[in-house]
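Asker: what follows is a predicted protein model with its sequence.
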Amino acid sequence: MMDSVMAVVGLGSNLGDSLGLANMAVESIAMLPEVRLIACSRWYRTHPVGPPQPDYLNGCLLLETTLSAPGLLTALQAIETQAQRQRLIHWGPRTLDLDLILYADLIINSPTLTVPHPHFHERGFVLIPLVEIYPQGRDPLTGKTIAALAQEITPEGISLWPVADAPETRPGVALDSLLPEPPR
């Protein structure tokens, strides 16, 4: 059995019930047997990158896991499939997008997985939520902290998701008490 590592997942949705899909994804990830959800950022409304489409709901999750990076990616893709994710247009609209942003301090370049996630260090929709929950995290390519990277971007087109039932979390607060117990 491998040692546990910290991993960061970026979450996005702009089709269907984005808030409901985001909450389903958080609960599904928290229920994975080899994953412990450490923290969840607040939800943000962000302008899309790519073709014209609705704004996104975005956020980030901090996990501790014993899954391998490919194993975690497979689990995330299964959750996307539950949300009827279709991959029709590059950077197109989607019901649910779960990206493996960071996995420990590893650099992975394979045909199916790139970690750190390409361009995450330039994306406000990743860095703004991520700095809430993991400011001390580091980009293994540059060695810069998430806090330093977040200061380098302009957060245009990003605002808090305007809902009363957004996650009741504060930056860095563990979610163990907010989520159902995983099956034993």
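Answerer: That came in fine, so what should we check first?
Asker: all strands of this structure, in order?
Answerer: Secondary structure of the chain (DSSP state E): strands located at 5-13, 35-40, 44-46, 56-65, 97-103, 108-109, 114-115, 158-160.
Asker: out of these, which gets nearest to Ile79?
Answerer: strand 97-103 (6.1 Å; CB to CB). To be clear about C-beta, it is placed using only N, CA and C from the backbone, and glycine gets the same treatment.
Asker: before we move on, the earlier item: worst mean pLDDT among the strands of the chain?
Answerer: Note on these: lowest mean pLDDT is at strand 158-160, with a mean of 86.
Asker: who are the packing partners of it?
Answerer: strand 44-46, helix 124-133 (3 or more CB pairs under 8 Å, 6 or more residues apart in numbering; DSSP states H and E).
Asker: lowest average confidence, helix or strand, in the protein?
Answerer: Lowest on mean pLDDT, DSSP states H and E among the helices and strands of the chain sits strand 158-160, with a mean of 86.
Asker: low pLDDT regions in this structure?
Answerer: 1, 83-92, 163-184 (pLDDT under 70).
Asker: repeat the analysis, applying 50 as the threshold.
Answerer: Where the chain drops to pLDDT under 50, the residues are 166-184.
Asker: returning to what we had before: need the helices and strands packed on strand 158-160 in a markdown table (columns: distance to Asn23 and mean neighbour count).
Answerer: Shown next, in a markdown table, are those (distance: least, CB to CB, whole Å; neighbours: other CB atoms under 10 Å):
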| stretch | distance to Asn23 | mean neighbour count |
| --- | --- | --- |
| strand 44-46 | 15 | 23 |
| helix 124-133 | 15 | 24 |
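Asker: quick one: which of these is nearest Ala69?
Answerer: Nearest of the helices and strands packed on strand 158-160 to Ala69, taken as CB to CB: helix 124-133 at 17.3 Å.
Asker: contacts for the closest one, please.
Answerer: For helix 124-133, contacts defined as CB atoms under 8 Å, 6 or more residues apart in numbering pick out 8, 10, 12, 38-44, 46, 49, 56, 58-62, 101, 117, 120-121, 137, 146-147, 149-150, 153-158, 171-172.
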